[in-house]
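K.L.:
predicted model, plus sequence, below.
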Amino acid sequence: MISFREAQAIIFEHIEQLPREERFLSNARNFFLAEELRAPFPIPRFDHSAVDGFAIRSKDIKNTTDKTPVSLRVINTVKTGQSATDAVYANCAIRIFTGATLPQAADTVVMVEDVVFENNTIRVSAAQKANKNIRRVGEEFAKDAVCLPCSTRLTPAAIGLAATLGMNRVQVHRKPRVAVLITGSELVEPGMPLSEAQIYDSNRFALVAALSELGIEQVTTHTCQDDRAAIRLQIESALREADIVITSGGASVGDVDYVKPAILELGGTIHFDKVAIKPGKPTVFATVSGKPVFGLPGNPVSALVTYLLFVMPALLKMLGDVGESNLFRSVILNGTLTKRSSRTEFVRAKLSHEGNNAIATPCIGQESHMLGGLVTANSLIVFEGEAGTLPDRNRVPVLPIQWS
Ligand code: AMP
Ligand code: MG
């Protein structure tokens, strides 16, 4: 059986970034740039004050002390949004506000809090070096410098920087259209009455919610009985409308598990159908006509954990992300863990703080049908290696649960 890292590598080999589209910056949150954004002008664009105070020449106060204060005449004010017209003359000051352009000849700004301002004069009682409280033109980015490389995620900070450059439209990778196909003859739509031996379909709601967390709203959902022909038809039509198909249930080796046969009947290639993990062993990854098809196990915890481990990184790559996903943290285990196989176990756990240390406490309800455990969890302890026991207080790798 392949490891989850091998499985991820196989998936990445078969996933491509989606084509680009232009979007208004105001509508581009969480998209990934399909172009690099360079500075059309230096940033900052002009020398300006970092504080509210007085622009002066440092040489006019170079011998100033508490005992030998210096008085400078305030000859003008420069407000934000105005160009500084006057230069600062010897033994003079110009009142200035944060963000206002630095007057000529000024080389330092004394803070308003550090002077006594009376009768159009300031009294300064300490020397101050040149360049203090001044933000220089181009000190962050020179003109033409790359400010936002290709593949940058448009987080609030990145959107702010793009706006700083004056961009109101950006090239990004378009979002994938996703088809979700829920299989299982026992499943009933929540809100409808249940007869004996039936359960409510939770995976459809959970998966649509997970996709929405990633900002993917173009999702079609279909439900299907455990019927080979029906599943094949549904996958076939899903492939016409979507960039990626996610199925739930019927991916294992039971007599009514028709997802794999349906993929093969459609001429698809199954790249793997088992991964050495728990939960989520019977996970299928295939391509049909070049499009990825994920066959997730039906157990609700397995479906969501395999979504996090495999589907979400694939979606992020389609969106243009080239960074590392599934980054582990190393924390202290609060409890003892035992496992009986060499499969990597993803133990639902709660991360919390104990002094300055992060600790992970396994949640109650670790079986793959027990969604309650996943609801309480904010992370997955990655329990690798052979069967055995992890003692209390051992350091363990954990994967914080992040849906976006
Ligand atoms: P399967 O992967 O189809 O063998 O299903 C494994 C288990 O998950 C069975 O107990 C199913 O009843 C349950 N299951 C499958 N699909 C869903 C679903 N959409 N919602 C809730 N439980 C499901
Ligand atoms: Mg089933």
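P.N.:
Now that the structure is in, tell me what you want to look at. Residues are numbered from 1 along each chain as shown. Ligands and ions are numbered 1, 2, ... in the order given.
K.L.:
what bits of the stretch 51-200 of the chain have low per-residue confidence?
P.N.:
In the prediction, the stretch 51-200 of the chain carries no residues with pLDDT under 70.
K.L.:
residues from the stretch 101-250 of the chain in reach of ligand 1?
P.N.:
182, 184, 186-187, 199, 201-204, 248-250 (Cβ under 6 Å from any ligand atom). To be clear about C-beta, it is placed using only N, CA and C from the backbone, and glycine gets the same treatment.
K.L.:
which of these has the most neighbours?
P.N.:
Counting neighbours by other Cβ atoms under 10 Å, residue 248 comes out on top of these with 32 neighbours.
K.L.:
once you drop chain neighbours, what's closest to residue 12?
P.N.:
Closest residue to residue 12 apart from its sequence neighbours, by Cβ to Cβ, 6 or more residues apart in numbering: residue 317 at 6.3 Å.
K.L.:
just confirm the one you found is within a helix.
P.N.:
Yes - under the criterion used here (DSSP: H, G, I helix; E, B strand; the rest coil), residue 317 sits inside a helix.
K.L.:
inside helices: which ones of the residues of the stretch 101-250 of the chain next to ligand 1?
P.N.:
Among those, the residues falling in helices (DSSP state H) are 203-204.
K.L.:
residue 351 pairs with what?
P.N.:
When bridges are called by DSSP bridges, residue 351 pairs up with residue 360.
K.L.:
next, work out how far apart the nearest residue to residue 328 once chain neighbours are set aside and residue 124 are.
P.N.:
Leaving aside its sequence neighbours, residue 328 sits nearest to residue 397 (Cβ to Cβ, 6+ apart; 4.1 Å). Between residue 397 and residue 124 the computed distance is 57 Å (Cβ to Cβ, to the nearest Å).
K.L.:
who has more neighbours, the two?
P.N.:
Using other Cβ under 10 Å, the more surrounded residue of residue 397 and residue 124 is residue 124, with 20 against 15.
K.L.:
so that one sits right up against residue 111, yeah?
P.N.:
No - the criterion here is Cβ atoms under 8 Å, and residue 124 misses it with residue 111 at 10.5 Å.
K.L.:
quick check: bridge partners of residue 285?
P.N.:
In beta-bridge terms (that is, DSSP bridges), residue 285 pairs with residue 272, residue 294.
K.L.:
ok, it touching residue 292?
P.N.:
Yes - proximity of residue 285 to residue 292 meets the contact threshold set by Cβ under 8 Å, at 7.1 Å.
K.L.:
need the overlap of contacts for the two.
P.N.:
The contact sets of residue 285 and residue 292 overlap at 11, 14 (Cβ atoms under 8 Å, 6 or more residues apart in numbering).
K.L.:
show me which positions of the host helix or strand of residue 23 end up buried.
P.N.:
Using DSSP states H and E, residue 23 sits in strand 20-24. Residues of strand 20-24 classed as buried by neighbour count (16 or more other Cβ atoms under 10 Å): 20, 23.
K.L.:
and for stretch 387-402?
P.N.:
390, 396, 398-401.
K.L.:
taking those residues one by one, which sit in strands?
P.N.:
Among those, the residues falling in strands (DSSP state E) are 390, 396, 398-400.
K.L.:
ok, the closest residue to ligand 2 within the stretch 201-350 of the chain - contacts?
P.N.:
Here the stretch 201-350 of the chain gets closest to ligand 2 at one residue, residue 249, 4.0 Å apart by Cβ to the ion. Counting by Cβ under 8 Å, 6+ apart, residue 249 touches 182-184, 187, 203, 259, 296-298.
K.L.:
so which of those residues would you say is closest to residue 276?
P.N.:
If you rank the contacts of residue 249 by distance to residue 276 using Cβ to Cβ, residue 297 comes first, at 14.0 Å.
K.L.:
the closest one is in contact with residue 283, isn't it?
P.N.:
Yes - Residue 297 is in contact with residue 283 according to Cβ under 8 Å; the separation is 6.3 Å.
K.L.:
the more surrounded of these two?
P.N.:
residue 283 (27 against 24).
K.L.:
test my guess that the more buried one contacts residue 275.
P.N.:
Yes - assessed by Cβ under 8 Å, residue 283 is found in contact with residue 275 at 5.2 Å.
K.L.:
rewinding a little: pLDDT at the residue nearest to residue 12, what is it?
P.N.:
Residue 317 carries a pLDDT value of 97.
K.L.:
that one: neighbour count?
P.N.:
With other Cβ under 10 Å as criterion, residue 317 counts 22.
K.L.:
next up, the contacts around it.
P.N.:
Neighbour list for residue 317: 12, 15-17 [criterion: Cβ under 8 Å, 6+ apart].
K.L.:
now swap in residue 2 and tell me
P.N.:
10, 272, 274-276 are the contacts of residue 2 under Cβ under 8 Å, 6+ apart.
K.L.:
can you redo those as TSV with distance to ligand 2, pLDDT and secondary structure?
P.N.:
Output for those, formatted as TSV (distance: Cβ to the ion, whole Å; pLDDT from 0 to 100; DSSP: H, G, I helix; E, B strand; the rest coil):
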residue	distance to ligand 2	pLDDT	secondary structure
10	24	98	helix
272	20	98	strand
274	17	97	coil
275	18	98	strand
276	22	98	coil
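K.L.:
most neighbours among these, which one?
P.N.:
Neighbour max across the contacts of residue 2 (other Cβ under 10 Å) = residue 275, 26 neighbours.
K.L.:
which element is the spatially closest residue to that residue that is not a sequence neighbour on?
P.N.:
Using Cβ to Cβ, 6+ apart and skipping residues adjacent in sequence, the residue nearest residue 275 is residue 7, 4.6 Å away. For residue 7, the host element (DSSP H and E) is helix 4-14.
K.L.:
can you check residue 229 too?
P.N.:
helix 228-241.
K.L.:
what does that helix rub up against?
P.N.:
Here helix 228-241 has contacts from 177, 179, 181, 183, 220, 222, 224, 245, 247, 250, 258-259, 261-263, 265-266, 288-289, 291, 293, using Cβ under 8 Å, 6+ apart.
K.L.:
could you say what helices and strands the host helix or strand of residue 171 packs with?
P.N.:
Under the criterion of DSSP H and E, residue 171 resides in strand 169-173. On a contact count with 3 or more Cβ pairs under 8 Å, 6 or more residues apart in numbering; DSSP states H and E, strand 169-173 meets strand 20-24.
K.L.:
pop the domain breakdown of the chain in here.
P.N.:
4-18+175-319, 20-43+139-173, 48-135, 329-400 (automatic domain parsing).
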